[in-house]
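J.: Curious how this folds, go ahead:
(one chain, ligands or ions: 1)
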Amino acid sequence: MSKIKAITSSYEEFLLSEDALDKLKSLIQGDVLLPTDNEYDNARKIWNGMIDKCPALIVRCTGPADVIDAIKFAREHNILVSIRGGGHNVAGNALCDDGMVIDLSKMKGIHLDLKSKTVRAQAGVTLGELDRETQMFGLSVPSGIVTTTGIAGLTLGGGFGYISRKYGLSIDNLISVDIVTAEGEFLTASETENEDLFWGLRGGGGNFGVVTSFEYRLQKIGPIVLGGMLLHPMEDAREFLRFYRDFIADVPDELTVVPILRLAPAAPFLPKDVHGKPVVGVIVLYTGVIEKGEALIAPLRQYGTPLVDGIGPKPFRALQSMLDVSAQPGWNYYVKSEFLPALSNEIIDTLVEHASKITSPLSVIAGFHLGGAISHVDEDATAYSHRKAAYSLILNTTWRDPKESEKHIQWTREFWKALQPFSIGGAYINFQSQDEGDDRVQTTYGSAKLKRLSLLKRKYDPLNFFRLNRNIKP
Ligand SMILES: Cc1cc2nc3c(=O)[nH]c(=O)nc-3n(C[C@H](O)[C@H](O)[C@H](O)COP(=O)(O)OP(=O)(O)OC[C@H]3O[C@@H](n4cnc5c(N)ncnc54)[C@H](O)[C@@H]3O)c2cc1C
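T.: The predicted model follows:
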């Protein structure tokens, strides 16, 4: 083996010696993968097929001890570092060119405590894997809506999904985290231990260290709940969205109704004659007693003549995985997002105008329906921002042929530009794309919160060792 080209945290090239790599290999219980290894190319694939980065080495950790030694090695050689949890983030910061990836994707431990209704999960666990274990007992951690997403990146950004209006964000259910800092120190952060760090980890992203496990409170849900998708033709979109806006104005926290606009996917739960048609619709989930939910959503189902009404009692896990078919690993993704207030006529007009020009059959415009328990927590209680937003609107642009990238990205940018006048300020950090800069971090957190986060960064990572993220400068 010859020397390996690598890059420092200030992006200067250097050569890693064979001796140094041998020493690292002798310490790591997992894998140290180099470009010459058979598994390397597979290990550098992440969910977004647009991201093609070649790290100098990938350290696939099996536990905190590997993480500590990987960090010490990176510090000693001043090598640029990225952190990979589930590898789902669109911006692709889980990887880096010529640096070292601390890869947690093989850390899959899940330990349930049914007495205390808590669960501890390691940082490589995905949402689907966590639901598999917890739903066996009719329990769940509030999280997101695509099962292949990692709990790590999702939780550190906040984490919302179908049951967050009832039970809060993932971070609102977080009891503690185990973390390795930039100094290689292993800490626990909770409401009673390293409280300042715990505040920052709940919404501050991967800025403060490598989290090795998360301890959550479990909530009772399902296993059978009322939910599903309801679709109308796009030509009825304006009227339907106005009706939806009025219907949703004062529904209880048990009900979440996510509006979507897209071309209908070739999904098994949709009739064949609908596939590919421009549609507007909603995804519904009710967390309470099924009969009560049916009465509550009756007006929504009675509106007009839907193309499809797929709402009914279903396993919670089936609803959690309903969108997986539209979000497959290796496709090309480009995302823009904005926090929005309740839908005004102008917002609806803008959504319909640009959705009608959608360029890809795989792209989805979805308004994550927020409020409820998310908004009952004080804005300053955690680093997560914009708890009062009614929606986190996502333009999730998706396509398979890389040659089409320009056309789809252009459509997304024009759509996003048209939404700017309505934004309440910034976007969910987990929905920010690779071309968004420090100004977005600033508008998302606001000056006061960003200052508090910067001071915390100065305390726990003064050299900005963890810089490949929505970066908070020390
Ligand atoms: C189609 C789609 C659907 C989505 N749905 C939802 C949703 O319903 N709800 C929601 O809240 N979000 C959703 N997201 C966003 C999702 O939360 C982010 O993509 C998140 O970053 C994924 O986490 P990951 O661990 O898989 O990602 P990774 O790419 O592995 O990590 C992303 C970043 O998080 C940090 N990080 C990861 N692991 C660690 C760790 N162990 N320690 C420290 N830092 C770490 C790093 O900075 C890393 O660059 C969705 C995204 C897409 C594209």
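J.: burial of residue 310, as a residue count?
T.: Under the neighbour criterion other C-beta atoms under 10 Å, residue 310 is assigned a count of 19. In short, each C-beta sits where N, CA and C put it, glycine included.
J.: Spatially nearest residue to it, not counting backbone neighbours?
T.: Residue nearest to residue 310 in three dimensions, not counting chain neighbours: residue 228, with 4.0 Å by C-beta to C-beta, 6 or more residues apart in numbering.
J.: can I assume that neighbour sits in a helix?
T.: No: Residue 228: not assigned to a helix; according to DSSP: H, G, I helix; E, B strand; the rest coil it is strand.
J.: ok, it to the ligand distance?
T.: 17 Å (C-beta to the nearest ligand atom, to the nearest Å).
J.: How about residue 192?
T.: 21 Å.
J.: count of residues packed around that residue?
T.: 9.
J.: Residue ranges in the stretch 151-300 of the chain under the pLDDT threshold?
T.: Of all residues in the stretch 151-300 of the chain, none has pLDDT under 70.
J.: where does it come near the ligand, residue by residue?
T.: With C-beta under 6 Å from any ligand atom as the criterion, the stretch 151-300 of the chain meets the ligand at residues 152-154, 156-157, 159-161, 205-206, 210-211.
J.: for the residue positioned nearest the centre of the chain, what are its contacts?
T.: The residue lying closest to the centre of the chain (C-alpha atoms, centre = their mean) is residue 154, at 4.0 Å. Taking C-beta atoms under 8 Å, 6 or more residues apart in numbering, we find residue 154 in contact with 86, 88, 127, 143-144, 170, 430.
J.: Surely it is within a helix?
T.: Yes: according to three-state DSSP, residue 154 belongs to a helix.
J.: Next, give me the two most distant ones among the contacts of residue 154.
T.: Spanning the widest gap among the contacts of residue 154 are 88 and 170, at 13.9 Å by C-beta to C-beta.
J.: what pairs with residue 81 across the strands?
T.: With DSSP bridges as the criterion, the beta-bridge partners of residue 81 are residue 100.
J.: heads up, I number from 41, so please use that
T.: Fine by me, first position is 41 from now on; the one you just mentioned is residue 121.
J.: Can you get me a residue count around it?
T.: Residues within reach of residue 121, counting by other C-beta under 10 Å, total 24.
J.: what do you get for residue 148?
T.: So residue 148, with other C-beta under 10 Å, has 14 neighbours.
J.: And it, how far from the ligand?
T.: In terms of C-beta to the nearest ligand atom, residue 148 sits 13 Å off from the ligand.
J.: Do I have it right that that residue meets residue 170?
T.: No: using C-beta atoms under 8 Å, residue 148 is not in contact with residue 170, being 10.1 Å away.
J.: for the stretch 191-340 of the chain, what spans make up the strands?
T.: Counting by DSSP state E, counting those that start in this stretch, the stretch 191-340 of the chain has strands at residues 214-220, 226-230, 250-257, 259-260, 264-273, 295-303, 318-326.
J.: Identify the residues contacting residue 321.
T.: Residue 321 makes contact with 269-272, 299-301, 346, 348 under the criterion C-beta under 8 Å, 6+ apart.
J.: so which of those comes closest to the ligand?
T.: Nearest to the ligand among the contacts of residue 321 is residue 300, at 12.2 Å by C-beta to the nearest ligand atom.
J.: That closest one touches residue 408, doesn't it?
T.: No: contact between residue 300 and residue 408 fails when scored by C-beta under 8 Å: they sit 10.4 Å apart.
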